[in-house]
Every structure is written in C-alpha cells, then in structure tokens.
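Trainee: With the sequence up front, the predicted model follows.
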Amino acid sequence: MYQLVIVDDEPKILDGIAELFPWENIGFQVAGKFTNARSALEFIRKNQVQVVLTDIKMPGMDGLEFARELKKDPNLMVVILSSYSDYEYMRTALKIDIQDYLLKPINYGELSSCFEKIRSQLDERYAVAMPDSEPYYDKIIHMVDTYIDQEFQKASLALAAEQVGISAGYLSKIYKEKKGIGFQEQLTATRMNKAARMLEDPAVKSYEIAFYVGYDNPKNFTRAFKSHFGVSPREYRNGMRGNSESC
Amino acid sequence: MLRKYFVKRARWNFLIMIVPTLLIFIFIGLFFVHSQREDIKKDSVRSLQSFEDSLEASIFNMGYQLDALMSNTSFSLALRNLVDNPEMRQNDQIAFRMLKYFFHSYETSYSYIHSIYLYLDDRDRFLTSDPGQIANIATYYDQEWYGTYQSMDPGERVYTNQRWVQRYTYGEPTEIISIFYRMTYMDGVIVINVDKGEYGKLLRSVLLSRHQKVMLFNSKGDVVCLTDPELEQFESDAFADSIRDGILTGMEEALKERWVNLQGEHYYVNILYSGYLNLYEVSMTSGEQLLDNVRFFLLMACLILLAEMGIMFFLAYTYTKRTFSYIEECVDIFSAAERGEALDSHFRDSNDEYALILNNVIRLYLSNSRIQMDLMEKQHENEMTEMRALQLQINPHFIFNTMQTLDFEAIKQLGIHSELHEMIQQLALVVKYALSEPMETVTLRMELEYLRAYLQIQNVRFNNNVITYFDVDDSVLDQKVFRLLLQPVLENCFEHGIEPGQEKILTKIKIFDRGDTIYFAVVDNGVGISKEDIQKLYERINSHTARNIGLTNLNRRLILHYGPEYGLRIRSKLGLGTEISFVIPKVDPKTVTEIKNDTKN
C-alpha cells in the first residue's frame, strides 16, 4: 500500500475524498488528511508519503506554492485538485512537473484511472508486483454482472468501473480476461434479451423498448437487435404473435 | 439582358453622333443645289446674250451691210435701173456684178445662207442671189415672200418667219427662215433666207450647255427656229401657246425666269427679246443640268458620308463597349456586395466619371455594411459580456465545491449507485460546459455528449418520461460547431412545448449531412404553436432588443456567425408538436480565431 496525503480546506470534501473512495482497492492508504498546507507539509516531512492530492485554492499557502515546496523531493508524486475555472493555475502547475490534475466535482472514473497510473509508476519504481488475489477479481466480476443486469439502460463501462472503484480501462481488461467476453458484448447481450422479452408484450411500442434498453437512436437498436438475433425487432414480434396464434 | 441594352445604347450613341453630321450634309447639299440653280439662271442669261450676239453677227450684220450698200446712190440707182430696164447699161453692169459678188461671198463664207433677195417697192422684178439675176416675181419659184412682205406692219423694221421653198418641182422642199429687212434709205426690202437646219446647228454650237435649248419666236408668236429637234414636241403644245399669247399681249416678261414642268421634265425658262431681228429667244434649260452639276457632288458626299458612318459606328461601338465594361464592373461589384463577398475599397484608379461614382457608391456601401455588422457584433459582444458578467457573479469555486460536497453527501447517504450522485455528476458536466467561453468551438461529438448529460437530468426531472432519439449522421460528428448549439432548442421544448400532465415527452434530434451543409432539427410531440404565435415567436427571435437568452440568442449567434440565411426555422401544428430547424455550412465563413479576436477586442 502506498501512502497518500489529502489536503483540502473544506473538511466535508476532505472527508469525502478520504472515506468515500475505495482507495484500498487500487493500492493506496490514506496516511493523513489536512485542511491546510502547512500542517500537511510538516506531516509529510516526518512520515513516509509517496503521493499527495491537494486542492489548488486554499487560504494561507495555496496549492501551487505547496506543490512547488513538495516537488523539492522529486520522488514525491503530486496530484492537484482544481475547480474548473483555475485554468491559469493549472498551466503553472503543469510547469512544476506535477503528475496529474483532477477537476471538481470529482469524477470517479477519472480519479481511478489517474491513481492507477500513479500506482503503476510507483510499482515500477519500487519493483513491486501487485499481489493479485483471485477472490478479489471474482468479486469485481460479480459486482459488474449484477450491475449490468440491473442498470442495463444507463450502464456504461465508466459507470461500472466507478461502481467497483477501478479505472474503466483496467476493468475492461480484467473483465475480458476473467469472463472471456467483453464488457460491451455482455451489456449488449443483456439488453437484447431484455428487449426480446419486452417485445413479447404487444402493448409496448418498439421505440420505447429501444429507449428503455439504453438506445437513444432506434436505428442503432434495430441494427444491434438484428445482429444479435438475426431478425429485426418487428419480425421478431410478428414471429411471436404468429406462434401464439398457432398454439 | 445586358446585350439588349448594349445594342440599344450603341444605336443611341451612333444616332447622336450621326445627326449633326447629317444636318451639315443636308445643309451643304441644299446650299449647293441652290447655288447650282442660281448658276443655271445666270448661265441661261449669259448664254442667251451670247446667243443674241451670234444672231447679230450671223444675219443682222449681213442685212445691215446690204442696207448700207443701198444707201450708196450708185448702187441704189443701179438696182432701180436693173429692175426697171431689161437692158443693162455699163454702169449698171458693174454694180450688178459687185452685188452678185457680195451675194457670192456671203453664200460661200456662211454655209447657212440659202438666198438673198433685194426688192424695191412697186416693181414686179427683184434681184435674187439664186441664181444671181433679176427675176420676175410672177415666174420665180419662190413667191410666198412677196405676200409676207406686203402684209408686214409698216412700222416694223425687221420681221422674221419660217417657211418652206421648193426650187424644182422634182426636188425636196427646203425649210428656211426668212428675215425681212426694210431698207433705210429706199422703199424696199432685203430678204435673207437662211437654211433652217444649218442655222439651227450653228446656233446650237453657241449654247454653253447641251441641256440648254432655245426656241425662237417671231413677233407674231410663231416658232421660227429650234436649236434642237427635240423641241418640236413643244411647238404645238400649251407651252408654246402660252409664249405666243405672251408675245402677242406684250406680257412675255411675266413668263421668264421660272421653272416649268413639261411632259414630266423640269425646265428653267428664260426669255430675251432680240431687237436686231425682232425675235424672242426662249431658252429652256433642262433640270438634268442640275443633276449633271450635282451628280459628282452627290457621289462624293455619299462616299464621305459612308466613310463617316463607318467611323461613327466604330466610335459608337468602342464608346458603348467602354461604358458597358464599366457597367458590368458595377454590376459585378453590386452582386458581389449582395452575396456579401469582400469588396475592394477602391474600385479603379481612373479619372472618369464612372470610377468616381462607383468609388463613392462602394465606399458608401462598405461603410454602411461595416456599420451594420459593427452594430450587430457590438450588440452580440454586449450580450456576451453580460453573460460573462453573470457567470462571474457567482464564484465557480463556490459552485463546484458545493457540488462536490453534495456529491459526497449523496454517496455517504445513498451509496455510489444513487440517482442523486448521478444527477450531480451530470449537472457538474452541464455547468462546466455552460460556463466555458461562449464562442469557443467544439466538435459536434462533444456537443452531443453534453446534450445527453443535459437530457439525463431532464429525464430525472420529468420522472423518466423524456424519450429522446438521436438520428445523427456519423459523418458530421467531427464538425466544429459553437457550444450550446442545440441545448436552447431542447430547453424551449421542455419549457414551452409540454402540456401540463403530458405523460411521455418524445423529442427527436435530427442531424443530417447534406453535402456542403448540415441540417439540424429538434422535433417534439408537445402542444404545438399556433400560426399567430409562430409569427410572434419569429418577431421575438429576430428582434434586436429582445432579452430572451435562449432561442433569440441562438438565432442571433447563427446569423452573426454564418449569415442572414442561416437563422432558425419553426414549423408547428397545434396539438401535434413543433419542429425547430436550422442549417449551418460545413465550411465556416469566419474562422474561429477571428471570432475570438473580435469578441476579445
């Protein structure tokens, strides 16, 4: 586990970042959280810390000054957290050679992919291999499958990754490895099966079905349905009715 | 079209040039004809005078000489003796021979002399040159003259007439003119007979022009001699009669110096009285004389006129062509201006009036359109400034930090999979997008991504009853557009298009590739808009003063950015729904940087 220090002047946000994100899942431990830069600096000097995540706009010492101070130790990784309009700040920050920046409000997907990248850099530096445990992955796959089954309408790889606390790219990779089928294929298959079931009810309109299974373009739905079942939704529905009549 | 005007204009120019020339030609022509006519008059007078001179020289002088001879007593006595006594004395013999010699010399030197008679009153014999002898009137072949002499007016000194004589019964009769010349010192007459044909030839040779002919009338108004056989045709017609009447009544002066039309031909008539022979010379100059004189001039004038017309045609053509090249330039410039293309501020470095006018017009047009564009852009800029001012009133840090706090609170209380967390995430996306630089361009793909986030929020608001279809051609996804292109239209759907309590809100976003342009349409199944309200809506979105941020702003941005024809179009049917559409060109008329610079400055 790599040691992470989080700095933000707003305690609610500070707590949120520290507690609501599954840091352990991606190999980090929150070593400390501070509402001002000076105490954080003091802590970092005394303790072993690899990564610092800091807000950019703070009273007293601001994020940039803090980052500049931190980067005196080139091994320390710094990620800056910023509100959108601090674009000028960001430019300066990038010159200080920070690792990455994140925008508020934090998007979980972005946070995951950012810290996964940092972890792999740290792994390289310390030549450590992540002790991957099979039950851990099984748990992830299971969570994703449940997610797909329940949230097929709005489901996406990014949202699924957010759900399990890893990055979208990483999730896509391990999902394919463990299940032998891609995330998107699994999602489409689920959607098609749901759609087929809905088509059996003649009261539900075809375009509504398309929308409910997550297609905002009916043509795409028709195309996907046809490539999945070999017949168009209309043919499928007519076939169903034909069968029921013959019974 | 222009060609038609060209022909018309060229013809007009040509006419303007040719009219003064033609007038000058006509004036000179008339003047020339007039002077020619005057010349004919003068010539006829001069000709008649020389004619009279030759009459005097050819005949009168002869009579005068013979008369003078008779005033010599030896001659007059000899003549009387010769006529009275058949026996000739010595002295008479000499006189007789001398007279015969005179006759002979006249006859040989003047071929037109036919014969000469000398007669003393109350004798029945006379001296004749044909042959040189004393002849008895009663037995002589020509007796007519005697009667004429007897009937001559005693007061008349000279009388002339024309008659026929036949010397031998088997011979041809000869037409002669007889001049009766009363002797001055004795009672008697000298008759000079002239061969009419020969004499006519002589007289003709005196005349200056072949178009001039002369008729001789005696005091009784009879035609005595013609210089040209052609004149015979007038001898017996009304013209000759009028002359005769004129002579008999002494009114012949009134008949001279005028133009008459005889058998289809014009003649200039002049009359001169010759006192020597008591004859009226009537000169007739044919109008052809005039033609003869004028013909060369006319030919030359026509040639010059033709050449001149050629030159003028060329001038009119080149002038019109030059004018039209200017006009075409004007038309090009104006249509370029209409199409909204950039114009050169200066038309042409030339000093002519067209360049002056055009330069003025162009300058006026340019400044006008520039002012208009400036005004619109100023307005737009003001709005943007206002928008930005509004944006700045609320500190974005406050907004985003608040959203962050809310997000964490939602996750804490409802878990990562809560709708609230999702909504906050979408809202963050929407707010970030909305707070960006308004005129910055994005790809259509980004715009649609944003639009989906926006729609998901709306969907939550409307209890999952918002169904939106995207019918988008993939080929246009990377097209650059300015941000918030479709959101105002969708917003309009949700704000105005929905019936209270409407169950399902169907909207369809259509984006089609149309070659050079992209077609956008947002269709809903809402309440629709009545015709009058559509009109009102148009007025509102096209108004310069409207403060409506949504559709009006979008419409203005479209027009400012792409041009007046790219504004919003609205179609609607009450109870069925509304379609709001617009088209944008794929190639941006203004580059993005330009716009940015403009709004920054």
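Mentor: Received, thanks. Quantities reported herein were computed from a predicted structural model and do not represent experimental measurements.
Trainee: domain parsing for chain A?
Mentor: A:2-126, A:134-247 (automatic domain parsing).
Trainee: so what's residue 169 up against?
Mentor: Using chain A here. The neighbours of A:Gly169, taking C-beta atoms under 8 Å, 6 or more residues apart in numbering or on different chains as the test, are A:113, A:116. (Each C-beta comes from the backbone N, C-alpha and C, glycine too.)
Trainee: Please refer instead to chain B.
Mentor: Applying C-beta under 8 Å, 6+ apart to B:Thr169 gives no contacts.
Trainee: cool, and the one 4 residues further on?
Mentor: Under the criterion of C-beta under 8 Å, 6+ apart, the contact list for B:Pro173 reads B:164-166.
Trainee: The domains of chain A: which one's closest to B:Met309?
Mentor: Taking C-beta to C-beta, domain A:134-247 is the member of the domains of chain A nearest to B:Met309, at 76.3 Å.
Trainee: For chain A, which residue gets nearest to chain B?
Mentor: Residue nearest to chain B within chain A: A:Gly16 (2.8 Å; C-beta to the nearest C-beta).
Trainee: In this structure that residue contacts B:Asp407, no?
Mentor: Yes. Using C-beta atoms under 8 Å, A:Gly16 is in contact with B:Asp407, at 7.4 Å.
Trainee: Could you list the contact residues of chain A toward chain B?
Mentor: By C-beta under 8 Å from any C-beta of the partner chain, the residues of chain A that approach chain B are A:10, A:12-13, A:15-17, A:19-20, A:57, A:83-85, A:103-108, A:147, A:151, A:154, A:162-163, A:207-208, A:211, A:216-219.
Trainee: quick one on the thing from earlier: outside of the helix or strand hosting the residue of chain A closest to chain B, which residues touch it?
Mentor: Per DSSP states H and E, A:Gly16 falls inside helix A:11-20. For helix A:11-20, contacts defined as C-beta under 8 Å, 6+ apart pick out A:6-8, A:30, A:33-35, A:53, A:55, A:81, A:104, A:106, B:401, B:404-405, B:407-409, B:411-412, B:416.
Trainee: average pLDDT for it?
Mentor: Averaged across helix A:11-20, the pLDDT comes to 88.
Trainee: For the helix or strand following it, name the packing helices and strands.
Mentor: Downstream of helix A:11-20, the first helix or strand assigned by DSSP H and E is strand A:28-34. Packing partners of strand A:28-34 (3 or more C-beta pairs under 8 Å, 6 or more residues apart in numbering or on different chains; DSSP states H and E): strand A:2-7, helix A:11-20, helix A:37-46.
Trainee: for B:Leu30, phi and psi?
Mentor: Dihedral pair for B:Leu30: phi -60, psi -40, per degrees, to the nearest 10.
Trainee: Please report the distance of it from chain A.
Mentor: Relative to chain A, B:Leu30 is positioned 93 Å away (criterion: C-beta to the nearest C-beta, to the nearest Å).
Trainee: Below-threshold pLDDT in chain A: ranges please.
Mentor: Low-confidence segments of chain A, defined by pLDDT under 70, span residues A:84-87, A:128-134, A:240-247.
Trainee: residue boundaries of the helices in it?
Mentor: Using DSSP state H, the helices of chain A run over A:11-20, A:37-46, A:63-70, A:87-95, A:108-126, A:134-150, A:157-164, A:168-179, A:183-199, A:206-212, A:218-229, A:233-246.
Trainee: Right, and chain A sits closest to which residue of chain B?
Mentor: B:Phe408 (2.8 Å).
Trainee: For that residue, which residues are in contact?
Mentor: Residues counted as contacts of B:Phe408 (C-beta under 8 Å, 6+ apart) are A:12-13, A:15-17, A:20.
Trainee: For the helices of chain A, could you give me TSV that also reports distance to B:Ile304?
Mentor: Shown next, in TSV, are these (distance: least, C-beta to C-beta, whole Å):
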stretch	distance to B:Ile304
helix A:11-20	107
helix A:37-46	108
helix A:63-70	99
helix A:87-95	88
helix A:108-126	98
helix A:134-150	106
helix A:157-164	98
helix A:168-179	100
helix A:183-199	98
helix A:206-212	91
helix A:218-229	85
helix A:233-246	93
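Trainee: Tell me which of those helices sits nearest to B:Ile362.
Mentor: helix A:87-95 (44.4 Å).
Trainee: how close does the spatially most central residue of chain A sit to A:Gly169?
Mentor: Nearest to the geometric centre of chain A sits A:Gly109, at 2.4 Å (C-alpha atoms, centre = their mean). Counting by C-beta to C-beta, to the nearest Å, the gap from A:Gly109 to A:Gly169 is 10 Å.
Trainee: residues in the stretch 301-450 of chain B within reach of chain A, list them.
Mentor: The interface of the stretch 301-450 of chain B toward chain A, taken as C-beta under 8 Å from any C-beta, is made up of B:396-397, B:400-401, B:403-405, B:407-409, B:411-412, B:416-417, B:422, B:424-425, B:428, B:432, B:435.
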